[in-house]
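Asks: dropping the sequence and predicted coords here.
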Amino acid sequence: MKVLNLYSGIGGNRKNWGDTHDITAVENNESIAKIYQDFFPKDKMIITDAHQYLLEHFAEYDFIWSSPPCPTHSRMNNLNYIKTEQGQKPKYPDMRLYKEIILLRHWFRGKYCVENVISYYEPLIPPIQSNNHYFWTNFYIRSWKKTKRFIKEHLCDMELPPELKNLKISNKEQIINNMVLPELGLHILNESQRNLYPELFDKMGDQK
């Protein structure tokens, strides 16, 4: 299966996907892309704008995962008291999120998952909500109790896997905070396949 992993970061969502798929990752930060490539040397890494790459290449893939930038949608970054105390001015929400959902919903023939945080406003396109995530997909995702991102209270070194604990990068906390749990990434990939090949999964039985 040809998989496109957009805004890949260092690959939290991709970690448990294994090496049986033909995976292309897109990341515009060279230093972050280098870490991803060290973790997943068999993946094809493209250093470019993920939003534009999606528009030009979506038809080439069977499964697409996209995690567009979330800060302008986040409830934490848009609390009124934070704006007042820090003198922040409002920002437009980054509408790449909805542009990608609309593109995939109407033009893409494969399976897709667009992931983001729960927004401070009512979503313009209804998502699936699970804990502190929104998901927009064209397949059913069964609930999973651990659906969350790495969060700041989990950043003490004793709680991180070695590959993250030993990262040598200046914005390590932000990068880890933006990661999707690897178990969640695998769960969603499996759910997309369950919808593609339900008879295969019926024979295998419910392993969740």
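Replies: The structure has been received and is ready for your questions.
Asks: residue contacts, the residue nearest the centre of the chain?
Replies: Nearest to the mean C-alpha position of the chain, by C-alpha atoms, centre = their mean, lies residue 67 at 3.7 Å. By C-beta atoms under 8 Å, 6 or more residues apart in numbering, residue 67 lies in contact with 6, 7, 9, 13, 114, 115, 116, 178, 180. All C-beta atoms are positioned from the backbone trio N, CA, C, and that covers glycine.
Asks: please redo it, this time with the cut-off set to 6 Å
Replies: Residue 67 makes contacts with 7, 115, as judged by C-beta atoms under 6 Å, 6 or more residues apart in numbering.
Asks: find me the pLDDT at it, would you?
Replies: pLDDT for residue 67: 94.
Asks: over to residue 70?
Replies: 87.
Asks: verify the stated contact: it with residue 118.
Replies: No. Residue 70 is not in contact with residue 118 according to C-beta atoms under 6 Å; the separation is 9.6 Å.
Asks: who has more neighbours, the two?
Replies: residue 70 (21 against 17; other C-beta atoms under 10 Å).
Asks: apart from its neighbours in sequence, what residue is nearest the more buried one?
Replies: residue 117 (4.5 Å; C-beta to C-beta, 6 or more residues apart in numbering).
Asks: what's the local residue count around the one you found?
Replies: With other C-beta under 10 Å as criterion, residue 117 counts 18.
Asks: got it, and residue 128?
Replies: Around residue 128 there are 14 residues (other C-beta under 10 Å).
Asks: so how far is residue 98 from the closest residue to it other than its chain neighbours?
Replies: Ranked by C-beta to C-beta, 6+ apart and with sequence neighbours excluded, the top spatial neighbour of residue 128 is residue 135, at 4.4 Å. Residue 135 sits 14 Å away from residue 98, going by C-beta to C-beta, to the nearest Å.
Asks: residue 37 sits in which helix or strand?
Replies: Under the criterion of DSSP states H and E, residue 37 resides in helix 30-39.
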